[in-house]
Each structure stands twice: as C-alpha cells, then as structure tokens.
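[1] here is the input, now give the coordinates:
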Amino acid sequence: MTQKELAQAAQITPTYVWRLEKGKAAPGIDLIEWLAKGLQTSIADLIAETDSPQSEKLLRTGPQTFRGTA
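    Here you go, the predicted model:
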C-alpha cells in the first residue's frame, strides 16, 4: 500500500502519513482507528509495545532532582 492509498483510506493527507512514519506526528485514537481500517489490521497491532528510540532517550536522561514540599 502506498502512502497515498493509506492517506485516502484514512482520510488524511499523504504528507501527514509521511510525518507519522517519520515520528514527527502522533495520531489520536480516532485516527489510529482509521489507520487500522485502512491497513486492514487491528488497533492493537498498531499500538503494540515496542522499543522506540524516544523511550531509550528518556531512559538515558538520568535521575532527576525534584524540589518541593512533601
């Protein structure tokens, strides 16, 4: 399936599909449902737990010091 075909099925622009693929945009749950239908898969398959580079980056930031009242 091309980006254009997916965009048509999900009723979004091909540019937005590209942004999703590159991790430059994050879809809401309603769009995830449309994408799942367009890809003929389940929502669970689209949001399955994975090791993403962003989560690695968060894990590598080190401990944070919080100041405030307890």
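[2] so how far is residue 30 from residue 19?
    Note on residue 19: its distance to residue 30, by CB to CB, to the nearest Å, is 17 Å. For the C-beta atoms, the positions are set from N, CA and C on the backbone; glycine is no exception.
[3] neighbour count for these two, which is higher?
    residue 19 (15 against 8; other CB atoms under 10 Å).
[4] output the lowest mean pLDDT helix or strand found in this protein.
    helix 53-59 (a mean of 53; mean pLDDT, DSSP states H and E).
[5] now the closest residue to residue 12 other than its chain neighbours: phi and psi?
    Once flanking residues are discounted, residue 12 sits nearest to residue 31: 7.0 Å by CB to CB, 6 or more residues apart in numbering. When read as degrees, to the nearest 10, the backbone of residue 31 gives phi -70, psi -30.
[6] please begin residue numbering at 42 from this point
    Shifting the count to begin at 42 puts that one at residue 72.
[7] quick check, pLDDT for residue 72.
    Residue 72 carries a pLDDT value of 89.
[8] residues near it, how many?
    16.
[9] of all residues in the chain, which one is nearest the centre?
    The centroid of the chain falls nearest to residue 67 when counting by CA atoms, centre = their mean (4.5 Å).
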